[in-house]
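Novice: Just to be clear, the model below is a prediction. Sequence and coordinates:
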Amino acid sequence: QSALTQPDSVSGSPGQSITISCTGTSSDVGGFNYVSWFQQHPGKAPELIIYEVTNRPSGVSNRFSGSKSGNTASLTISGLQDEDEADYYCSSFTSSHTVVFGTGTKVTVL
Amino acid sequence: EVHLVESGGGLVQPGGSLRLSCAASGFIFSDYWMHWVRQLPGKGLVWVARVRSDGSDASYAASVRGRFTISRDNAKSTLYLQMNSLRAEDTAVYYCAKDSILGSGSSDYWGQGTLVTVSS
């Protein structure tokens, strides 16, 4: 199972919106509404910020939103803030009953 | 409050074995799928394995299938990862993660990780 494809890096100025893509196949992203997104700050464990494509866990800012079209899922961060600078990973359930993560995207706040 | 605490990491020689443990508290452990996820130094997250809430079903990444075994003891609220025939490329921080009841990979709680180093 190959890793889902994410851009290596995305940057934006405070207050701007950015979007991170996550491209898979019909056997993972495109086949299931089980895409999750995780935020990871340096030296910390990952934190779930989006699950089942569009849902936010309790306590996660509504500046984070998720969507999916075909084999590509997307995470949008609106009103970018300094604290959003981190690594972001998508993941998807697969037809083999496994889970696959994305390659990861480093978000930089300019 | 949910807590996941991994232990058992350390230095092991290539070809050796290690068993990781993850002690869970703050939720009904026996209701949820659990996962192991690893992160190579300075690299991204890589899914390793998952186990059903009752321990009756498990699945593995191709890179560890046949060498690693995930299991759980619901009476002790503890998750395990038995790692055999370890290779240098297994060197990573290993995280345990709590999933939803569906086991779909939406892991809402993670431990802080335990470092496994495979080296002679």
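Specialist: Yes, it's here. Here the structure is a predicted model, which is why all the values come from computation and not from measurement.
Novice: C-alpha from now on. contacts and neighbour counts both.
Specialist: Fine.
Novice: which parts of chain B sit against chain A?
Specialist: Residues of chain B found near chain A (C-alpha under 8 Å from any C-alpha of the partner chain) are B:44-47, B:49-50, B:59-62, B:95, B:104-113.
Novice: could you flag which of those are buried?
Specialist: Buried members of the residues of chain B next to chain A, scored by 16 or more other C-alpha atoms under 10 Å in any protein chain shown, are B:44-47, B:49-50, B:59-61, B:95, B:104-113.
Novice: Which members of these occur in strands, if any?
Specialist: Here DSSP state E is the test, and those give B:45-47, B:49-50, B:59-60, B:95, B:109-110 as lying in strands.
Novice: What residues does residue A:99 make contact with?
Specialist: By C-alpha atoms under 8 Å, 6 or more residues apart in numbering or on different chains, the contact set of residue A:99 is A:91-93, B:47, B:104-105.
Novice: roughly how far apart are the residue of chain A positioned farthest from its centre and chain B?
Specialist: In terms of distance from the mean C-alpha position of chain A, residue A:96 ranks first, at 21.3 Å (C-alpha atoms, centre = their mean). For residue A:96, the distance to chain B equals 9 Å [C-alpha to the nearest C-alpha, to the nearest Å].
Novice: One more: residue A:48?
Specialist: Separation of residue A:48 from chain B (C-alpha to the nearest C-alpha): 5 Å.
Novice: Helix, strand, or coil at residue A:83?
Specialist: Put simply, residue A:83 is helix when judged by DSSP: H, G, I helix; E, B strand; the rest coil.
Novice: so how many other residues sit close to it?
Specialist: As a burial measure, residue A:83 scores 9 neighbours (other C-alpha atoms under 10 Å in any protein chain shown).
Novice: Likewise for the one 5 residues further on?
Specialist: Using other C-alpha under 10 Å, residue A:88 is surrounded by 28 other residues.
Novice: how about the nearest residue to it, chain neighbours excluded?
Specialist: Leaving aside its sequence neighbours, residue A:88 sits nearest to residue A:39 (C-alpha to C-alpha, 6 or more residues apart in numbering or on different chains; 4.7 Å).
Novice: so what secondary structure elements neighbour the helix or strand where that neighbour lies?
Specialist: Here residue A:39, judged by DSSP states H and E, is contained in strand A:35-40. Contacts defined by 3 or more C-alpha pairs under 8 Å, 6 or more residues apart in numbering or on different chains; DSSP states H and E place strand A:35-40 against strand A:47-50, strand A:86-93.
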